[in-house]
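A.B. asks: Kindly generate the corresponding structure for this input.
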Amino acid sequence: MDFYQWCVLAAVVAFIVFVVFAVRAFLQITRTAEAVEYLAVSTAENVDKTKSAFDLIDNVSTLLDSTFYKVMKLGMDVIKHYRAK
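C.D. replies: Numbers count the residues shown, from 1 in each chain. The predicted model follows:
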């Protein structure tokens, strides 16, 4: 075999190694994408399960911020002011 045949052989071997590497990388990317999709679906299900708890927290915070709470706080401040005198 002369020099050019060795060069062609090396180029073919390098191309085969590149193709094998590319296929393995593509398979790994596909598995990673499937894992991320599974994680996103399970996270969405867990968020749906905890939605009622977040709704309760939202309702309580709305109650605390409501006018009733503000009036009650004003009344307590007035009572504290008169007790301090």
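
A.B. asks: So, low pLDDT: which residues of the chain?
C.D. replies: Scanning the chain for pLDDT under 70 picks out the ranges 85.

A.B. asks: how about the helices in it?
C.D. replies: 3-65, 67-84 (DSSP state H).

A.B. asks: In JSON lines: those, plus mean neighbour count.
C.D. replies: Using the backbone N, CA and C atoms, a C-beta is placed for each residue, glycine as well. Shown next, in JSON lines, are these (neighbours: other Cβ atoms under 10 Å):
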{"stretch": "helix 3-65", "mean neighbour count": "10"}
{"stretch": "helix 67-84", "mean neighbour count": "10"}
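
A.B. asks: what separates the residue nearest the centre of the chain from Lys80, distance-wise?
C.D. replies: In the chain, the centroid-proximal residue (Cα atoms, centre = their mean) is Ala40; its distance is 7.5 Å. Noted for Ala40: a distance of 51 Å to Lys80, by Cβ to Cβ, to the nearest Å.

A.B. asks: Could you do Ser66 as well?
C.D. replies: 21 Å.

A.B. asks: And Ile16, by the same measure?
C.D. replies: Taken as Cβ to Cβ, the span from Ile16 to Lys80 is 84 Å.
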